[in-house]
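Predicted structure and sequence below. I'll ask about it afterward.
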Amino acid sequence: MTLRVLVPQRIAPEGLALLEAAGHVVVEPSGTDIPTLRKYISTCQAVLTRTLPLPREVLEAAPDLKVISRHGVGVDHIDLGYCREQNITVTNAPEANIVAVAEHALTLLLVLTKNLIACDTELRRGNFEARNSLYGIEVANKTLGVVGLGKIGQAVAVRAAIGLGMNIVGFDPYVDTTNLDPAITPVSLEVLLATADVVTVHVPLTPATRRLFDATRFDSMKQGSYFINCSRGEVVDEKALENALLSGRLRGAGLDVFEQEPLPVGHPLTRLPNVLLTPHMAAHNNESMIRMAVHAAQGIIAVAEGREPQWPVGLPNDQPTAKG
């Protein structure tokens with residue numbers, strides 16, 4: 001079966017080439033506003049999407065839509081309820097960016113704990129003597145708390161344990177703890193927050209995880225600890241995070257995702273010197289962008305050929321916490 005595949009955002013050419021080699025037609029719209037998307041999707045049977053929202057208003061304009069393939073992991077921007085109603089297959093690429101996100105989270109961890117933001121700022125001002133006051137900490141033998149023990153969370157944990165000599169505690173009510181790497185000690189969220197020197201979050205956005213980190217959770221964290229989020233911005237109450245940073249409860253935070261994206265200019269978090277910000281790019285490096293494009297294309301090709309895609313997304317009535 002030949003499909004017309006809507007690709008509304010730029011992807012690596014390897015993914016496009018794979019679709020075309022399989023005989024499918026790539027459709028690239030002239031814009032990404034809702035009227036334009038409705039116009040282009042109306043003639044398509046598949047969508048290969050990155051981060052562009054696909055609400056019901058857009059999807060219902062495609063009466064022949066058969067498959068939506070996510071260039072990445074999270075699917076909270078796709079109307080999964082509509083896909084379930086219309087029997088539209090949804091796939092993603094959960095194994096494409098594991099290394100990229102894990103490395104990004106650990107980079108944030110090291111930059112924060114070594115106080116490199118302040119060191120860089122002071123050196124650029126000519127203050128070489130900052131070396132005698134802007135001390136960081138050693139992370140060896142410190143405790144890393146990993147919230148969300150899917151593939152990415154476990155990759156972070158194992159790398160931190162083996163490469164950095166950290167003690168690892170983890171929390172995830174949806175993961176079979178008997179199959180965890182022995183470096184990870186499963187604990188309750190309460191114990192994790194109270195004992196971890198660094199907390200890193202790797203959960204999808206679901207009703208259960210929205211604002212999981214609120215004022216109560218930040219107040220429960222170890223005094224002077226660090227917080228890292230490479231999952232979804234809505235998992236965090238940003239005002240509560242700001243207050244925890246200002247009060248000294250948290251020594252620093254590294255954030256790749258935000259409640260509102262793009263992050264507004266002048267947002268309060270941008271004014272805090274102990275916050276490291278990156279523009280939702282943890283999954284983006286040369287290798288992972290190619291893998292995400294290829295894996296997403298493979299999902300569409302499988303459906304077109306009547307095969308089960310390698311990474312189908314479940315569409316139950318109530319979305320559970322998926323693997324991070």
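Looks like it came in fine.

Could you pull up the residues touching the closest residue to F258 other than its chain neighbours?
Nearest residue to F258 in three dimensions, chain neighbours excluded: G233, at 3.9 Å (Cβ to Cβ, 6 or more residues apart in numbering). Quick note: C-beta positions are derived from backbone N, CA and C, even for glycine. By Cβ atoms under 8 Å, 6 or more residues apart in numbering, the contact set of G233 is L255, V257, F258, E259, Q260, E261.

roughly how far out does stretch 196-205 sit from the chain middle?
Averaging C-alpha positions (Cα atoms, centre = their mean, to the nearest Å) puts stretch 196-205 11 Å from its chain's average.

Can I get that stretch in CSV, CA atoms only?
Extracted C-alpha coordinates of stretch 196-205, given in CSV (Å, rounded to 0.1, in the frame of the first residue of the first chain):
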residue,chain,number,x,y,z
ALA,A,196,19.0,12.3,47.0
ASP,A,197,21.7,14.9,46.5
VAL,A,198,20.6,15.2,42.9
VAL,A,199,17.1,14.4,41.6
THR,A,200,16.6,13.8,37.8
VAL,A,201,13.2,13.3,36.3
HIS,A,202,12.4,11.0,33.3
VAL,A,203,8.7,10.5,33.2
PRO,A,204,6.1,11.1,30.4
LEU,A,205,3.3,13.7,30.9
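
Now Q45: closest residue in space that isn't a chain neighbour?
In this structure, Q45 finds its nearest non-sequential neighbour in L3, 4.4 Å apart by Cβ to Cβ, 6+ apart.

thinking again about what came up before, and of the contacts of G233, the nearest to A244?
A244 lies nearest to L255 out of these, by Cβ to Cβ, at 12.8 Å.

what bridges to the closest one?
With DSSP bridges as the criterion, L255 is bridged to N229, L277.

Just want to check the distance between it and L123.
24 Å (Cβ to Cβ, to the nearest Å).

Looking at these two now, which is surrounded by more residues?
Between L255 and L123, counted using other Cβ atoms under 10 Å, the more crowded position is L255 (22 against 14).

The stretch 51-200 of the chain: helices as residue ranges?
Using DSSP state H, counting those that start in this stretch, the helices of the stretch 51-200 of the chain run over 56-59, 80-85, 98-113, 116-124, 151-164, 189-195.

List the buried residues in stretch 307-314.
P309, W311, V313 (16 or more other Cβ atoms under 10 Å).

Sorry, slip of the keys, the one I care about is stretch 59-74.
59-62, 65-74.

now do stretch 93-109
Here stretch 93-109 shows 93-94, 96-106, 108-109 as buried, counting by 16+ other Cβ under 10 Å.

Now D219: closest residue in space, sequence neighbours ignored.
Per Cβ to Cβ, 6+ apart, closest to D219 is R249, 6.7 Å.

on that earlier part again, would you list the helices of the stretch 51-200 of the chain in JSON lines and tack on mean pLDDT?
Formatted as JSON lines, those follow (pLDDT from 0 to 100):
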{"stretch": "helix 56-59", "mean pLDDT": "98"}
{"stretch": "helix 80-85", "mean pLDDT": "96"}
{"stretch": "helix 98-113", "mean pLDDT": "98"}
{"stretch": "helix 116-124", "mean pLDDT": "95"}
{"stretch": "helix 151-164", "mean pLDDT": "98"}
{"stretch": "helix 189-195", "mean pLDDT": "98"}
